[in-house]
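Colleague: make a model of this:
(2 chains)
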Amino acid sequence: MSTCRALHRTLMALTAGGGLLGLLPAPALAAEAAPVNVTVTDKGCAPNSLTVAAGKSTFAIKNASQRALEWEILDGVMVVEERENILPGFTQKLSATLSAGRYQMTCGLLNNPKGQLIVQATAASAPPGPVSAVDLAGPLAEYKLYVLREVEALVIGTQAFVAAIKANDLAKAQALYAPTRVHYERIEPVAELFSDLDKAIDSRADDYEKRENDPGFVGFHKIEKFLFIDKSTAAAQDTADRLMHDVNELHSRIENLTIPAGKMVGGAADLIEEVAATKITGEEDRYSHTDLWDFQANIDGAQKIYTLLRPLEAKRNPDFVKRVDDNFQDVDVILAKYKSGDGFQTYDKVTESDRRAMKGPITTLAEDLSTLRGQLGLE
Amino acid sequence: MTKRNDTGPDGERLGAPPPACASRRSLLKLGAATGMASLGAVAPIAARAAETDDTKTAHQSQPFFGVHQSGIVTPEPAAATMVAFDVLAQNRPDMERLLRTLTERISFLMVGGPVPARDPLLPAADSGLLGPVVVPDNLTVTVALGASMFDGRFGLAHLKPKHLVRMSQFPNDALDDRICHGDMLIQFCANREETVIHALRDIIKNTPDLLTVRWKIDGFLPADTVRELGKETVRNLLGFKDGTANLAASDDELMNRHVWVQPGADEPAWTAGGSYQVVRIIRNLVEHWDRTPLNEQQQIFGRYKMNGAPLGEKHEHDVPDYADDPKGLRIPLTAHIRRANPRTPETQSSLILRRPYNFSKGASSNGQLDMGLIFVCFQSNLAAGFLTVQDRLNGEALEEYIKPIGGGYFFVLPGVPKLDRFLGDTLLSA
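Modeller: As a prediction, the model looks like this:
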């Protein structure tokens, strides 16, 4: 909990500034560390065991033996670093960047015992540990920009869509229905933070007891029914006005929104859950059968989040990244078969076997992406 | 424990598989072991085995006669079916015939006895599901009326219980009219599903011109439990303990305050001894839920999943101290248990007796499982009870994973105190 709150606070502080990426603190330049002294005598190294931190270390090797010296750091039989020809009585320096582990030092004559060099992991050098607020600040800032771009495109698209309805241009209104909605579907997890608007903009007839005839049923799908079943723009006038109003309201709320990191990261899974629950059956756009547009938009939205977080994951869990990449690709390949011009064929064209073939990758994506928040240490 | 023995011991069955499964399994085993070719030859043996298994619980019974109907504060057995009916009766005499018939059939079914023999050239008197002698098997059949019974049909409009209304949609609901409302709700509960089905088919067979089924949903609890309300908790299909803070049904004083309409209440006089019943069919989106981090699930409920203790406490029945956690740092303000029961003096009046069952029906067209909770509760005042609780729950964090899709509000008729009376007689004579 407390880590989570601290993270939110940091992120809020970061996002409040506006120019986000520029604000990231540059890593402090590490001061040059003092050299680690080692003296080689005729009998061996003194001290015979050294411990240093992972990363860059400088060794000062004093040759206190009778003969010229070759000093090496060994990892098993492999020579990691070496300094040749240190003359008796002289000291030379050797800088080496070492990762955590146990190494050996050569100590003069071959039959002298080898010294131990222990390199300890540090925060900076360790295999990637928990993700910090700073790690997430970049992806989060980029995601906020993405969301803003999409909601702006939604406003502009809705303006044109509503204008076509007002002008009683049925064909144009029908043509604009699906491309307008995609901007909503891509950012659905964020839009759903405002459940009143989500219901007003994107609810389906099943959400109401009296279905299509329920007075509460408004928004895109109500207009979809007017345009594609009733083939009427006249009936859709009032609902169109209401939609424009609600979309503008959504825009202004999102502009002032700080997206919590957990919401962004969890959004990837939420979008796939949307696909699994309602897109794969073709029940979302039951009047226009333009489900594939929404389907692709949900995938796009999930993929956007994933792509922003992928660099953090790639270091930590390469198998996970490969599986997710592959499953996104499988879905993309099937969806691509149904592309038509700038959009998609109607959902009834999708074969039974393709619907089935998508269920495996979609369900696996849902399972995998549901672990993303936890993997990134988020509540 | 003593109370439990009063209603019939089930200790023998603890840890044993559910009897219905056992009999089916032993039937298969028998068939395999003996290599019998014909199922017909096996069936009698299996049936006898099942009878021995269930002998003790089969004779458990609940009282039919009393000030209140059974099936509310009586222990909650493993099987239940809620059936909503449209009433076909068109006038008061038919209405009375319906209520008298229900009284006669239910009073028989809850006690049991031999099925009358008939000329085999005719259909038998009952379904035969329980054999020649009907056993009570803890059956309760509880009759309640919907608001639509108080329309113009029977001249009862002025007698409608004050708070009885048609269920309307809450923000997270997606009500399906095909599984909502009804003139009459009959709740069947018993140890075994077969007993429930037998009773339902008996009533349908005896009321052909009076009732028609509008919707039906079957529920279950762990088969080895006869749950005493307020004392034992089982898990819902989200894997959380449900009913920990329920009212103790054995506490008469508590029941009179929160469950039963009292004589002299601000209600039509005939309602005394009755109760408002809420049924909500709540689908659980279990695939999505199973992909939700454990911590988040626990924050959503406000309890630890494994032991059921409130977050920050150790034991299931520990009482959460919300006054000490005003900002919801320990138990979030959106957590289910906190919204449902804020445990303040002002919210005491919204306490309700819950009596829920799980359901599991099949799969949706998207390949996801259709299962969830049949939420059932009873209260003396619908507005102060469930409606107030649900208003607090609107917007709770759990909403993402649940979808109320059906059910309705009903008024449970007062009980039948003695032999010469019938269900709803005070309503018809009022």
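Colleague: how close does the most centrally placed residue in chain A sit to residue A:143?
Modeller: Centroid check for chain A by Cα atoms, centre = their mean gives residue A:309 as the closest residue, at 2.4 Å. Using Cβ to Cβ, to the nearest Å, residue A:309 is found at 9 Å from residue A:143. Any C-beta I mention is one placed from the backbone N, CA and C, and that applies to glycine too.
Colleague: mutual contacts of these two, please.
Modeller: Residues touching both residue A:309 and residue A:143 (Cβ atoms under 8 Å, 6 or more residues apart in numbering or on different chains): none.
Colleague: what's the domain layout of the chain?
Modeller: I went with chain A, as the question did not name one. The record's domain parsing of chain A by automatic domain parsing lists A:36-120, A:133-375.
Colleague: wrong one, I was asking about chain B
Modeller: B:17-58, B:79-428.
Colleague: same list, those, but as a markdown table with mean pLDDT and mean neighbour count please.
Modeller: Output for those, formatted as a markdown table (pLDDT from 0 to 100; neighbours: other Cβ atoms under 10 Å in any protein chain shown):
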| stretch | mean pLDDT | mean neighbour count |
| --- | --- | --- |
| domain B:17-58 | 44 | 14 |
| domain B:79-428 | 95 | 19 |
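Colleague: right, and those - which one's nearest chain A?
Modeller: Evaluated with Cβ to the nearest Cβ, the domains of chain B place domain B:79-428 nearest to chain A, the distance being 3.6 Å.
Colleague: start and end of that closest one, how far apart?
Modeller: End-to-end distance for domain B:79-428: 32 Å, by Cα to Cα, to the nearest Å.
Colleague: and it, is it in reach of chain A?
Modeller: Yes - judged by Cβ under 8 Å from any Cβ of the partner chain, domain B:79-428 comes into contact with chain A through B:168-169, B:171, B:173-177, B:180, B:285, B:287-288, B:291-293, B:295-296, B:299, B:329, B:364-368, B:395.
Colleague: quick check: the residue nearest to the centre of chain A touching residue A:376?
Modeller: Yes - with contact defined as Cβ atoms under 8 Å, residue A:309 reaches residue A:376; the gap is 6.9 Å.
Colleague: residues shared between the contacts of the two?
Modeller: Common neighbours of residue A:309 and residue A:376 (Cβ under 8 Å, 6+ apart) are residue A:265.
Colleague: would you map the helices across the chain?
Modeller: With no chain named, the answer covers chain A. Remark: helices assigned in chain A by DSSP state H are A:2-16, A:133-166, A:170-186, A:188-191, A:195-202, A:220-228, A:237-255, A:261-274, A:291-316, A:318-336, A:352-369, A:372-375.
Colleague: was after chain B, sorry
Modeller: Under DSSP H, chain B gives helices at B:2-6, B:19-34, B:39-58, B:92-109, B:193-206, B:252-258, B:286-290, B:294-301, B:336-340, B:388-393, B:425-428.
Colleague: okay, now the residue in the stretch 201-350 of chain A that chain B sits nearest to: neighbour count?
Modeller: For the stretch 201-350 of chain A and chain B, the shortest gap (Cβ to the nearest Cβ) falls at residue A:209, measuring 3.9 Å. Using other Cβ atoms under 10 Å in any protein chain shown, residue A:209 has 22 other residues around it.
Colleague: likewise for residue A:89?
Modeller: Residues lying near residue A:89 (other Cβ under 10 Å) number 10.
Colleague: so it touches residue A:67, yeah?
Modeller: No - using Cβ under 8 Å, residue A:89 is not in contact with residue A:67; the gap is 11.2 Å.
Colleague: which stretches of the stretch 151-300 of chain A have low pLDDT?
Modeller: Counting by pLDDT under 70, the stretch 151-300 of chain A shows no low-confidence range.
Colleague: get me the contact residues on it for chain B.
Modeller: Listed as neighbours of chain B in the stretch 151-300 of chain A under the rule Cβ under 8 Å from any Cβ: A:195, A:199, A:206-211, A:216, A:269, A:273, A:276-278, A:280-281, A:283.
Colleague: could you rerun that using 10 Å?
Modeller: Proximity of the stretch 151-300 of chain A to chain B (Cβ under 10 Å from any Cβ of the partner chain) is limited to residues A:192, A:195-196, A:199, A:203-211, A:214, A:216, A:262, A:266, A:269-270, A:272-283.
Colleague: okay, the domains of chain B in JSON lines with distance to residue A:62 next?
Modeller: Output for the domains of chain B, formatted as JSON lines (distance: least, Cβ to Cβ, whole Å):
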{"stretch": "domain B:17-58", "distance to residue A:62": "79"}
{"stretch": "domain B:79-428", "distance to residue A:62": "56"}
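Colleague: and the ones you listed: which comes nearest residue A:45?
Modeller: domain B:79-428 (50.7 Å; Cβ to Cβ).
Colleague: picking up where we left off before, pull the contacting residues for the spatially closest residue to the residue nearest to the centre of chain A that is not a sequence neighbour.
Modeller: Excluding the flanking residues, the one nearest residue A:309 by Cβ to Cβ, 6 or more residues apart in numbering or on different chains is residue A:139, at 5.6 Å. For residue A:139, the contact set (Cβ atoms under 10 Å, 6 or more residues apart in numbering or on different chains) comprises A:131, A:261, A:264-265, A:305, A:307-312, A:376.
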